[in-house]
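[1] Generate coordinates for the sequence data below:
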Amino acid sequence: MMAAAIMIVGIGATSVGILLPSLSGTPTGKYEGRENAARKVIGALATLQVVSYWENERFLEDFDAVSEAADLRIKDHNKPIDGTEPYRFAIKPLNPQTIVMTATANIDGLDSLTGFTWYSDDTGLSYGLCWTTENSKQPPALPMLEAQPLSNPPGADR
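    Got it, this is the predicted structure:
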């Protein structure tokens, strides 16, 4: 069973959190920095979603428009290795209060990631990042966002 590590950052009305996932276990060699770059992209997308919700009370759903508007330079960080881009990035709304961003590894030897931003009347805006603790071509499931405190997805480790 695939395990995942999770980092959750809450956003208060007067403060902004910074998403800084642990980078232990980052690959070396030709993969060096690729997982780190994917984490930064997903973290930036999650933060951008917070700003969008604050300003417009809705999340941004068009990945290409979001990455271009935010100047994420994803193509610079996702240069092909042996002819294959290391990650496939996507944005998927789950409902009006929850949006998910994924970085799915296209190459063996890399972790996959799931970022999320959600709004709750009880806790306000929050965002977080999950990543597989073992190399995987499948992003981890979302944690159970309704649970207080948040809990890991089934079979996942923190």
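[2] Now name the helix or strand holding residue 90.
    strand 87-95 (DSSP states H and E).
[3] looking only at pLDDT, what's the mean for that strand?
    Strand 87-95 carries an average pLDDT of 93.
[4] So what are the sheet partners of it and their directions?
    As defined by DSSP bridges, the strand partners of strand 87-95 come to strand 98-105 (antiparallel).
[5] and the angle from the helix or strand that the partner strand is followed by to strand 98-105?
    Using DSSP H and E, the helix or strand that follows strand 98-105 in sequence is strand 113-120. Interaxial angle, strand 113-120 versus strand 98-105 (axes from the mean of the first three to the mean of the last three CA atoms, to 10 degrees): 180 degrees.
[6] which ones are touching the residue nearest the centre of the chain?
    Within the chain, the residue whose C-alpha comes closest to the C-alpha centroid is residue 115; the distance, by CA atoms, centre = their mean, is 2.3 Å. Remark: with contacts taken as CB atoms under 8 Å, 6 or more residues apart in numbering, residue 115 is in contact with 42-43, 45-46, 100-103, 127-130. Where C-beta positions appear, they are placed from N, C-alpha and C, glycine not excepted.
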